[in-house]
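Trainee: Sequence first, predicted coordinates after that:
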Amino acid sequence: MQALLSPHSNTALIFQPQTAYLTGCGNPPCPLSAAAVGEWLSAHGELRWHSAENLAEMGQALSLYSRRREALDMALMGMDGDLSLELRDEAQQELEILLADRAVAIWLSDIFHVRPLVAEADVETALSHARDGNRWHVVNYLNEVVRNQAVIAKSWIAWNAVPEKLLQPVGGRQAVLDFAMNKGLFASVIGLLAVNQTGAAKLEALVRLYGVVGYCQIVEAWFLPLVVVKPVRTVKKSEVAPEDNDWERKTDRKKIQSRSYDRKKSQRNIEEQ
């Protein structure tokens, strides 16, 4: 079963041979004419393709998409300095409830780990409101995002440097991003990079992107600018510390003394004594 999901309207357009059905909001599937399908498509800007075995599975996917989308909307409203504090507070209240769902929380955190926050994002006020309201789900995700901003910025630059030819077989950069965010790739990888666990981060990326065509090459290209190799520097003799030179001179004297040692003379002295 193939369908186009509209997260904002919580509806789905299901395609069957020679027929299209509209479902969602608890309503049974309703057949649509070709004209009605065109109207529905033009009225919904954000759509996602989804495959499912049955209507129940399709309904679950639509519900998850809608809750994720709502969580993102509420998160953006909570950081929007142009909105009133009352409206931002209401958005955070809704967000706290939505983030109690782990599937929503992981996805939202990953969204904000893909690229750095825009300069206009009022994160400090959002954090202050969340703490005052004891909204700890919101506090936790915001703290993590703020703490990892420097690494997120480096990762975003490196991700955009991945050659397009590696991403085309999968459907392009956006298709790979969608797959990665559904797997919670960025939050998990950047969390490890932030504590300098590059090897573990790379392994995590390979595991999360497994199934994508050419995923090994994609991960290698992504991590290439993130792994800094320090060049080996040759120390000149003139740069050796004075105490090291003293040690070297003492060692040379010992070598000279060792070479001038007369074994036979020493043996005669022992016998005479």
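Mentor: It's in. Since we're looking at a predicted model, the values are computed, not measured. Numbers count the residues shown, from 1 in each chain.

Trainee: how about the nearest residue to L192, chain neighbours excluded?
Mentor: A201 (3.8 Å; CB to CB, 6 or more residues apart in numbering). In this view, the C-beta of every residue, glycine as well, is placed from N, C-alpha and C.

Trainee: Nearest the geometric middle of the chain, what residue?
Mentor: For the chain, the residue nearest the mean C-alpha position is F186 (1.3 Å; CA atoms, centre = their mean).

Trainee: measure Q168 to E53 for me?
Mentor: 30 Å (CB to CB, to the nearest Å).

Trainee: more neighbours, these two?
Mentor: Q168 (14 against 8; other CB atoms under 10 Å).

Trainee: Would you agree the more buried one falls within a strand?
Mentor: No - checked against DSSP: H, G, I helix; E, B strand; the rest coil, Q168 lies outside a strand; its state is helix.

Trainee: confidence score at it?
Mentor: Here, the pLDDT recorded for Q168 equals 91.

Trainee: Please apply the same query to V138.
Mentor: Each residue has a pLDDT score; the one for V138 is 95.

Trainee: was I right about it contacting Q92?
Mentor: Yes - under the criterion of CB atoms under 8 Å, V138 makes contact with Q92 at 5.6 Å.

Trainee: intersection of neighbour lists for those two?
Mentor: Residues within reach of V138 and of Q92 at once, by CB atoms under 8 Å, 6 or more residues apart in numbering, are 78, 126, 130.

Trainee: Next, count neighbours for the first one.
Mentor: Just to be clear, that refers to G78. By other CB under 10 Å, 29 other residues sit near G78.

Trainee: do the second one as well
Mentor: Other residues within reach of A126, judged by other CB under 10 Å, total 25.

Trainee: Could you pull up the contacting residues of it?
Mentor: Residues near A126 by CB under 8 Å, 6+ apart: 78-79, 88, 92, 138, 142.

Trainee: ok, those vs C216, which is closest?
Mentor: The closest of the contacts of A126 to C216 turns out to be L142 (CB to CB; 33.8 Å).

Trainee: Now do stretch 151-163, average pLDDT.
Mentor: 94.

Trainee: Could you do stretch 93-100 as well?
Mentor: 96.
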